[in-house]
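Chemist: Please find the sequence and the predicted model below.
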Amino acid sequence: MTSFQYKPRIADAVLQRKLKSSGAVLVEGPKWCGKTTTAEQQAKSINYISDPVNLNRNLILAEMDITSLLSGDKPLLLDEWQVIPQLWDAIRFAVDHSKGIGQYILTGSAVPPNEEQQQKIHHTGTGRISRLRMRPMSLWESGESNGAVSLGELFQEPDKSIYGESDKKLNDIAYMMCRGGWPISTMLDAEDSLETAFSYYDAITEIDITRADGIKRSASRTKRLMRSLARHQGSQATLAGIKADIATNDTDSLDTATIASYIEALKTIFVVDDMEAWNPNLRSKAAIRTSDTRYFVDPSIATAALGVGPADLLNDLNTMGLLFETMVMRDLRVYADAINGSVYHYRDSNGLECDAVVHLRNGIYGLVEIKLGGTALIEEGALSLKRFSETIDTGKMGGPSFKMILTAVGNLAYKRKDGILVVPISCLKH
């Protein structure tokens, strides 16, 4: 039997910080991303709610004496808490009356699945229960980024020079995209690790999408939709556009109401991780496109949905470029969470676009373009960053802390003469 050693996560420090300021912390995110294992590192006692050995006992206690499920040294981890949704109110009540912090950690891959169970939650938990969103591993966490460039330091010292060297080639990036950031897959042999994403995809389409809200959904329809979403990574595709794409590329079609229902279920189980639009102060009168940009939580979900592997991506660099953006967004979101930031997308009616805007809680921000690499694409990205930054009303909101082009390949991380940073994704960290 193979044993695996815990790989430290960026969420470790985030969870520790939240436990020092909240009575309880809800750790949520997709299954297999490491929520429970991360929470176990800081819990002093654990109740695995859905453990088959104790599940029936736990369900009985929930009706007879729910406070008994909250006994144990603190912080107490309640894994898969949503199986007994009334635990939410019990924890809120316990936190209120003890006046303590850092008492409970809740983990789960979905909200309570149906209306009847959701009605068992009567309070939001605001002020008592904070949230921590986990995602699959970034390249820094999996040990495949050397971390020569720190996103946090770029905000703290915007004028500082950068330098880093990357040994990752395009075939390495293609492999990491298909393998994904699932903790277990980062510990397996290369060939075996590629199977994790397909197993995950099968679980989503066959079981998990129905468990999201208790509504029986067709696996074949789910697969058609997920293939279309994979083809639309990084776009603001409408429901009508997705419907047309499915009709063109598959043997059957779905109506827009069905598509919306399926997408909402995929969001509930944290498979779809769409990105909000950024709304800056502009000098121009361009209309800002406010639709969310479509992404999966990990690029390997897209490659599994399309049935492709590393060699296929290397033979289709256009597709690889689109799905590379999904991987970059995963990593940027993980890194931004660690520095109290969020990641947005920008697009306006004049055709100006910025792939990612990292915006911190204190109002400062950085602009990012995403390119596979190569002189021509880097120049294209630099021009786009310059054009966009010139439209921002810096008198009202200040200029960007940095302008950066994140690439798949390239030997060096460096600052150009125009001040724009060029950074391989395998040189970036939080």
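Modeler: In hand now; what should we look at? Note that this is a predicted model, so its numbers are computed, not measured. Numbering: from 1, shown residues only.
Chemist: show me what contacts residue 430?
Modeler: 10, 138, 140, 150, 151, 152, 334, 335, 336, 338, 339 (C-beta atoms under 8 Å, 6 or more residues apart in numbering). To be clear about C-beta, it is placed using only N, CA and C from the backbone, and glycine gets the same treatment.
Chemist: now the helix or strand residue 221 falls within: how far from the chain's centre is it?
Modeler: Per DSSP states H and E, residue 221 falls inside helix 219-231. Taking C-alpha atoms, centre = their mean, to the nearest Å, one finds helix 219-231 lying 19 Å from the centre of the chain it belongs to.
Chemist: what is the mean pLDDT for it?
Modeler: The average pLDDT for helix 219-231 rounds to 96.
Chemist: hang on, residue 376 is in a helix, isn't it?
Modeler: Yes - using DSSP: H, G, I helix; E, B strand; the rest coil, the assignment for residue 376 is a helix.
Chemist: Compute the number of surrounding residues for it.
Modeler: Neighbour count for residue 376, taken as other C-beta atoms under 10 Å: 9.
Chemist: Show the contacting residues for the nearest residue to residue 397 once chain neighbours are set aside.
Modeler: Spatial nearest neighbour of residue 397, chain neighbours left out: residue 281 (4.9 Å); criterion: C-beta to C-beta, 6 or more residues apart in numbering. Each residue near residue 281 by C-beta under 8 Å, 6+ apart is listed here: 392, 393, 396, 397.
Chemist: Give the buried residues for the very next helix or strand once past the helix holding residue 221.
Modeler: Remark: after helix 219-231, the chain's next helix or strand is helix 239-249, criterion DSSP H and E. By 16 or more other C-beta atoms under 10 Å, the buried positions in helix 239-249 come out as 242, 243, 245, 246.
Chemist: ok, now which ones touch the third one?
Modeler: For residue 245, the residues meeting the contact criterion (C-beta under 8 Å, 6+ apart) are 228, 231, 232, 237.
Chemist: out of these, who has the most neighbours?
Modeler: residue 228 (24 neighbours).
Chemist: Okay, that one and residue 402: tell me how far apart.
Modeler: Distance check for residue 228 against residue 402: by C-beta to C-beta, to the nearest Å, it reads 35 Å.
Chemist: and the closest residue to residue 354 other than its chain neighbours, how many residues sit next to it?
Modeler: Leaving aside its chain neighbours, residue 354 sits nearest to residue 346 (4.2 Å; criterion: C-beta to C-beta, 6+ apart). For residue 346, the count of nearby residues is 22 (other C-beta under 10 Å).
Chemist: Could you do the one 10 residues further on as well?
Modeler: Residue neighbour count, defined by other C-beta under 10 Å, stands at 25 for residue 356.
Chemist: need the contact list for the residue lying closest to residue 247 once chain neighbours are set aside.
Modeler: In this structure, residue 247 finds its nearest non-sequential neighbour in residue 253, 4.2 Å apart by C-beta to C-beta, 6+ apart. Residues counted as contacts of residue 253 (C-beta under 8 Å, 6+ apart) are 243, 246, 247.
Chemist: Let me see the ranges of the helices in the stretch 1-150 of the chain.
Modeler: Assigned by DSSP state H, counting those that start in this stretch, the stretch 1-150 of the chain shows helices spanning 10-19, 35-40, 55-64, 87-98, 115-118.
Chemist: ok, now the stretch 151-300 of the chain?
Modeler: 151-156, 170-179, 190-203, 209-211, 219-231, 239-249, 256-268, 299-306.
Chemist: ok, of the contacts of residue 253, which one's closest to residue 58?
Modeler: Nearest to residue 58 among the contacts of residue 253: residue 246, at 41.4 Å, using C-beta to C-beta.
Chemist: Next, work out how far apart the closest one and residue 234 are.
Modeler: Distance from residue 246 to residue 234, by C-beta to C-beta: 18 Å.
Chemist: now the angle from the longest helix along the chain to helix 170-179?
Modeler: In the chain, taking DSSP state H as the definition, the longest helix is helix 317-338. Counting by axes from the mean of the first three to the mean of the last three C-alpha atoms, to 10 degrees, helix 317-338 lies at 70 degrees to helix 170-179.
Chemist: Any buried residues in helix 317-338, and which?
Modeler: For helix 317-338, the neighbour count (16+ other C-beta under 10 Å) marks 319-338 as buried.
Chemist: next one: phi and psi at residue 356?
Modeler: Note on residue 356: its backbone torsions stand at phi -150, psi 140 [degrees, to the nearest 10].
Chemist: one step back: is it fair to say the residue nearest to residue 354 lies in a strand?
Modeler: Yes - counting by three-state DSSP, residue 346 is located in a strand.
Chemist: What is the end-to-end distance of stretch 399-411?
Modeler: End-to-end distance for stretch 399-411, by C-alpha to C-alpha, to the nearest Å: 29 Å.
Chemist: Over to stretch 128-143?
Modeler: Stretch 128-143 stretches 35 Å from its first residue to its last (C-alpha to C-alpha).
Chemist: again with stretch 201-209
Modeler: 11 Å.
Chemist: Enumerate the positions of that stretch that are buried.
Modeler: Going by neighbour count (16+ other C-beta under 10 Å), the buried part of stretch 201-209 is 201, 204, 205, 208, 209.
Chemist: Surely residue 324 touches residue 176?
Modeler: No - look at residue 324 against residue 176 with C-beta atoms under 8 Å: they stay out of range, at 9.9 Å.
Chemist: Does residue 404 belong to a helix, a strand or coil?
Modeler: Following three-state DSSP, the label given to residue 404 is strand.
Chemist: ok, it to residue 419 distance?
Modeler: With distances taken as C-beta to C-beta, residue 404 is found 10 Å from residue 419.
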